[in-house]
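S.K.: Quick check, what structure comes out for this input:
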Amino acid sequence: RRTTHSQPPLMEPFRFRCLQRAELPKTRDVVDPNVRTKAGVIVEGVKKGGEKALIDYAVRFGDLKQGQPHILSKKELKAAFDGIPKEQQEVLISTAARIERFALAQRASIRDLKTPIPGGFAWQKVSPVERAGCYAPGGRFPLPSSVLMTGVTARCAGVREVWVASPRPAEITKAAAHVAGAETLLAVGGAHAIAALAYGAGKDLHACDAIVGPGNRWVTAAKQLVAGRVTIDMLAGPSELLVLADETANPATVAADLLAQAEHDVVAIPMLVTTCPPLVDKVEVELKKQLSKLSTRATAEASLKHGGLAVLCEDMDAAIQVSNQLAPEHLEVIAKDEENVASKLDHYGALFVGNNAAEVLGDYGAGPNHTLPTGGTARSTGGLSVFDFLRVRTWMKLNDLKSAQQLVTDSMALAKLEGLQGHAKSAGHRLIKSSM
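M.R.: Residues are numbered from 1 along each chain as shown. Have a look, this model is predicted:
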């Protein structure tokens, strides 16, 4: 009698969906209108119903069991940190330190200033928002890196009160919230969590001024709905990686990097743009080989089949044009003369230059943030940074009205051109009448 062992089904050879430039996907609307409508009902429900509505939704959607607390205190977050193994504590601390170092350098790049204007001075004052809500997904795996990326960055901006929201938080997620300096953790997710952060819910959860962090389509729809009431970082869709490579690229490395992206989600989008036809074939072989040994194979394989694509270009200039057209979330350059290639790339969320600069090292805390624009929106916005938590406000003071008379008369003239007589009269009260 033959003994059989459970084995995964044999894989068919993987083949990229090879596209011409004219066939490339267009910029995507990351918010599904149907999801936005349904999320709107939830957001409005929490806005009107407060804490009770929030808890009702949390129980209904499986975030909480009936009677389970929805807010975890600073003390509870510290206890979670104390309870994890020392090596995990050290990983969280060292990762947070690298994120902090980069975020503080960003913060130092923008400053208050004072500059002369006719008759006086104008000031720029850079100030943080008072309270920030940092969302971290709670799907198949905990994402402590997202807690650190959002919470540490908010603290470096100077935000006084940081809330983390994450459904069914694992101990490592709670521990990361402690390391990030969070005041408390809202153990709730989805559109109802975003609504609670935007409008407040009960005496212990006050409305935030900024809401940041990645999430599923319900989170993204809710962020779109509350934008304006609060500032948000971006509307993020499925995660993307584009590897821009030539004949010098190692097929095994390219495949490994694409799989690291593909295992995120079945709708993740791994892309290869190359000037080397044999590289496409070699990467396909490597993908099959590496997939067979990957514990997240089911997700990664579905992602490759759903969103995986390759674009073959006649030269590097054409490849650069394709990359700029796609404006990917993550962009790796593995090619000779890599810095020259990188200098010609205009649109991306984060750029990783050279074989050594793996995108995953950015994901896990080299310093720059991993919360990045997707769906082509890198053409108009950048990744999460301290600037998402800062306000630039201006002051003006005129001490010498005589020196400001040209400003006064110009203001009166422009007001009259726009038909705003009240404006003209207001400026006119600053007009120095001649004694002659």
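S.K.: so where's this structure uncertain?
M.R.: 1-13, 27, 435-436 (pLDDT under 70).
S.K.: can you rerun that using 90?
M.R.: 1-30, 138-141, 236-237, 306, 365, 433-436 (pLDDT under 90).
S.K.: Name the SS class of the residue most central in space within it, please.
M.R.: Note on the chain: the residue nearest the mean C-alpha position is T371, at 2.7 Å, using CA atoms, centre = their mean. Following DSSP: H, G, I helix; E, B strand; the rest coil, T371 is assigned to coil.
S.K.: Apart from its chain neighbours, what residue comes closest to it?
M.R.: Spatial nearest neighbour of T371, excluding adjacent residues (CB to CB, 6 or more residues apart in numbering): L384 at 3.7 Å. Every C-beta, even on glycine, is put in place using the N, C-alpha and C of the backbone.
S.K.: which residues does the one you found contact?
M.R.: 149-150, 153, 212-213, 233-234, 369, 371-372 (CB atoms under 8 Å, 6 or more residues apart in numbering).
S.K.: let's go with 6 Å and repeat that
M.R.: Contacts of L384 were listed using CB atoms under 6 Å, 6 or more residues apart in numbering, and they are 212, 233, 369, 371.
S.K.: Kindly report the same for G428.
M.R.: Per CB under 6 Å, 6+ apart, neighbours of G428: M412.
S.K.: And it, how close does it get to C134?
M.R.: 49 Å (CB to CB, to the nearest Å).
S.K.: Which residue ranges of the stretch 251-400 of the chain form strands?
M.R.: 269-274, 309-312, 330-334, 350-353, 390-398 (DSSP state E, counting those that start in this stretch).
S.K.: Dump the ones you listed to JSON lines, plus mean neighbour count and distance to L258.
M.R.: Formatted as JSON lines, the strands of the stretch 251-400 of the chain follow (neighbours: other CB atoms under 10 Å; distance: least, CB to CB, whole Å):
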{"stretch": "strand 269-274", "mean neighbour count": "27", "distance to L258": "4"}
{"stretch": "strand 309-312", "mean neighbour count": "21", "distance to L258": "10"}
{"stretch": "strand 330-334", "mean neighbour count": "28", "distance to L258": "9"}
{"stretch": "strand 350-353", "mean neighbour count": "20", "distance to L258": "13"}
{"stretch": "strand 390-398", "mean neighbour count": "12", "distance to L258": "35"}
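S.K.: Can you lay out those strands as JSON lines showing distance to A103?
M.R.: What follows is the strands of the stretch 251-400 of the chain, written out as JSON lines (distance: least, CB to CB, whole Å):
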{"stretch": "strand 269-274", "distance to A103": "28"}
{"stretch": "strand 309-312", "distance to A103": "34"}
{"stretch": "strand 330-334", "distance to A103": "19"}
{"stretch": "strand 350-353", "distance to A103": "15"}
{"stretch": "strand 390-398", "distance to A103": "11"}
